[in-house]
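Q: Quick one: sequence and predicted model below, then my questions.
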Amino acid sequence: MDWYNPSDTDIPKGHFIDGRFMSFNDDTSVDVICPSTGQAYAALNYASPDTVEFAVSQAYQAYRTNSWASMAPRERAKYLFQWAELIEKHQASLAQLESLGSSRPYHEVLQWDIPYVVDCLRFFAELADKHGGYVGATQQDRLGMVISQPYGVIGAITPWNFPMSMLMWKVGPALAAGNAVVLKPSEMTPFTSVYLAKLAVDAGIPANQFNVVQGDGKTVGQAICEHSLIGKVTFTGSTATGAAIMSTCALKGPKPSTLELGGKSPQVVFADADIDKTALTVAKAITGNAGQVCVSGSRLIIHQDIAETFSQKVLSHFSQLRMGPTWNKSTTLPPIISAGQAQRINSIVNQSIAQGAERLCGGELINDGGSFFTPTLLAITDNNNCAVQQEIFGPVLTMQTFDSDEQAWALASHETYGLAAGIHTQNLQRALTGMRQIEAGSVWINRYGRSFDHIMPTGGFKQSGIGKDIGVEAFQANLKTKSVLIDF
Ligand code: NAD
């Protein structure tokens, strides 16, 4: 049974600049593929360099001349709250568009993504007037103030896995802090971004304050990062792209960047954990969005005494998942975003088995219109196995065993990544020791995953990123400080 008829979905066309949808003669039209069917469902206009130039200069003009940055912060917050209300009002169409074009099941977008986006926006709106500078301890005949002000135009570049949520991580704090934004969403999931931008204008946020240009990373994304009027770049995506963006920002600025990158997050399970509850948590943490989550708990590190029993329980949860298109009510294992990405998952799994991994279940690539990958559990003894080392971004869980706490913490630390980690134990001392030992930007104890507590910043250690999204830190990252000295 379906939630909606995908062919009835309205697809917004063009970029969103100057408060309206726009297309240009020198745009290049490229088909966008529906992950659930593997078929093209719409065409996307890739921007030319002139379009990027136009969008950035319009945003810069808006920042310099209109009232947004200089508006009373509470007034700015009012418009952001109105935007949140409009998003709620349009939730059914937004959810339909999001699930048609991405791997997000319709019911999950309604139950999770939309409330998350709205809540996140309200969180940042509430911060608009809750910051300030300070007065420095200068000479007595002088006043020294440190004040904060927006960067100007923020260049935001987002990935395909949670298109609306990733957008709001960037646009919410940037606008709340008084910046203008030029966003480039992933070319694979481009359409909800322009819908949200239109709702922002409908909510009273001035035109050009939030512009969206469509296109690929290497040309359009790069042009945004290179532009001299972009004051800061905020990016979420893979580690390789993050490094390329940082390099562009260094060469064409230098200008600052916030980078939210890849992960290979461990879930450490001790013999004293609540086994039933933890097995469900572990299974969900690798199969949610078919494992296409930056913080997927992709490495199970488990005490050897419970490995056999525990893995059977995880396998039982895996077996209950149902593949299907995102608009199908029974779907709990959505498609992989593209055939290419599904092939990549398959090849890492095969390579891992060739390197000695034991396949306990799954490992099957299924092409049924869209590409699907069966939930996979690989028992691995060699820490250098490619499935342990590489971010797979699919429903593939590796399992390694330990027999001492020290060994558990050593396995949990990853050479490359440090995005998140889970620790499951009833022993408080052990949990807190692990919390300190593990090099990761987020540690979850007896739970796994982000919550609606937007006060908690998210971001990676090591090659998982630089800087934070969400939390007060993300808001402050959209402001720069200025020192002011006044002689009496
Ligand atoms: P990606 O790096 O391929 O692309 C992300 C965005 O960057 C896209 O919009 C793309 O067009 C653009 N881009 C590509 N090359 C560019 C360049 N040279 N200059 C400017 N922009 C460029 O990532 P993806 O495949 O879309 O997303 C999956 C990745 O994102 C995974 O590695 C995942 O871990 C990561 N991710 C991280 C977080 C986090 O919070 N740390 C959250 C979600 C996703």
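A: Thanks, I have it. Numbering: from 1, shown residues only.

Q: what's the domain layout of the protein?
A: Following automatic domain parsing, the chain resolves into domains at 6-261+465-487, 266-453.

Q: Would you format those as CSV with distance to Gly459 and mean neighbour count included?
A: Where C-beta positions appear, they are placed from N, C-alpha and C, glycine not excepted. Listed next are the domains of the chain as CSV, based on distance: least, C-beta to C-beta, whole Å; neighbours: other C-beta atoms under 10 Å:
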stretch, distance to Gly459, mean neighbour count
domain 6-261+465-487, 4, 20
domain 266-453, 5, 19
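
Q: looking at the ones you listed, which is closest to the ligand?
A: Closest approach to the ligand among those (C-beta to the nearest ligand atom): domain 6-261+465-487, 2.1 Å.

Q: How far does the closest one stretch from one end to the other?
A: In domain 6-261+465-487, first residue to last residue: 66 Å (C-alpha to C-alpha, to the nearest Å).

Q: right, is that domain up against the ligand?
A: Yes - using C-beta under 6 Å from any ligand atom, domain 6-261+465-487 reaches the ligand at 157-161, 166, 184, 186-187, 216-218, 221-222, 225, 236-238, 241, 244-245, 260-261, 465.

Q: Could you find the closest non-adjacent residue to the spatially most central residue of the chain?
A: Residue closest to the average C-alpha location in the chain (C-alpha atoms, centre = their mean): Met166, at 4.3 Å. Once flanking residues are discounted, Met166 sits nearest to Thr158: 4.2 Å by C-beta to C-beta, 6 or more residues apart in numbering.

Q: Just after the host helix or strand of Thr234, pick out the following helix or strand.
A: Applying DSSP states H and E as the criterion places Thr234 in strand 230-236. Remark: after strand 230-236, the chain's next helix or strand is helix 239-251, criterion DSSP H and E.

Q: Pull the residues that contact stretch 297-310.
A: The set of residues external to stretch 297-310 that reach it, using C-beta atoms under 8 Å, 6 or more residues apart in numbering, is 263-271, 275, 278-279, 282, 285-286, 291, 311, 314, 377, 388, 391-392, 396-403, 408, 411-412, 414, 420, 422, 448.

Q: now could you export just the CA positions of that stretch as PDB?
A: Provided in PDB are the C-alpha atoms of stretch 297-310 (Å, rounded to 0.1, in the frame of the first residue of the first chain):
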ATOM      1  CA  GLY A 297      27.000   2.800  14.300                       C
ATOM      2  CA  SER A 298      28.800   0.800  11.700                       C
ATOM      3  CA  ARG A 299      31.400  -1.000  14.000                       C
ATOM      4  CA  LEU A 300      30.000  -3.400  16.600                       C
ATOM      5  CA  ILE A 301      32.700  -4.000  19.200                       C
ATOM      6  CA  ILE A 302      31.400  -6.600  21.600                       C
ATOM      7  CA  HIS A 303      32.600  -8.700  24.600                       C
ATOM      8  CA  GLN A 304      33.500 -12.100  23.300                       C
ATOM      9  CA  ASP A 305      31.300 -13.900  25.900                       C
ATOM     10  CA  ILE A 306      28.000 -12.400  24.500                       C
ATOM     11  CA  ALA A 307      29.000 -12.100  20.800                       C
ATOM     12  CA  GLU A 308      27.100 -15.200  19.600                       C
ATOM     13  CA  THR A 309      23.900 -14.500  21.500                       C
ATOM     14  CA  PHE A 310      23.900 -10.900  20.700                       C
END
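
Q: what's the average pLDDT for it?
A: Regarding stretch 297-310, the rounded mean pLDDT is 98.

Q: try stretch 222-232
A: pLDDT averaged over stretch 222-232 gives 98.

Q: do stretch 355-374 as well
A: Computed over stretch 355-374, the average pLDDT equals 97.

Q: In helices, which of the contacts of stretch 297-310 appear?
A: Among the contacts of stretch 297-310, the members found in helices (DSSP state H) are Ile275, Thr278, Ala279, Val282, Ala285, Ile286, Ser311, Val314, Val388, Ala408, Leu411, Ala412.

Q: now the first one: how far from Ile306?
A: This points to Ile275. Distance from Ile275 to Ile306, counting by C-beta to C-beta, to the nearest Å: 7 Å.

Q: Angles on the backbone of Met145, please.
A: Main-chain dihedrals, Met145, degrees, to the nearest 10: phi -120, psi 140.

Q: Enumerate every residue touching it.
A: Listed by C-beta under 8 Å, 6+ apart, the contact set of Met145 reads Gly133, Tyr134, Val135, Gly136, Ser483, Val484, Ile486.

Q: how does it look with 7 Å?
A: Gly133, Val135, Val484 (C-beta atoms under 7 Å, 6 or more residues apart in numbering).

Q: Skipping its backbone neighbours, what lies nearest the last one in space?
A: Yep, that's Val484 we're talking about. Val484's closest residue in space is Met145 (C-beta to C-beta, 6+ apart), at 4.5 Å.
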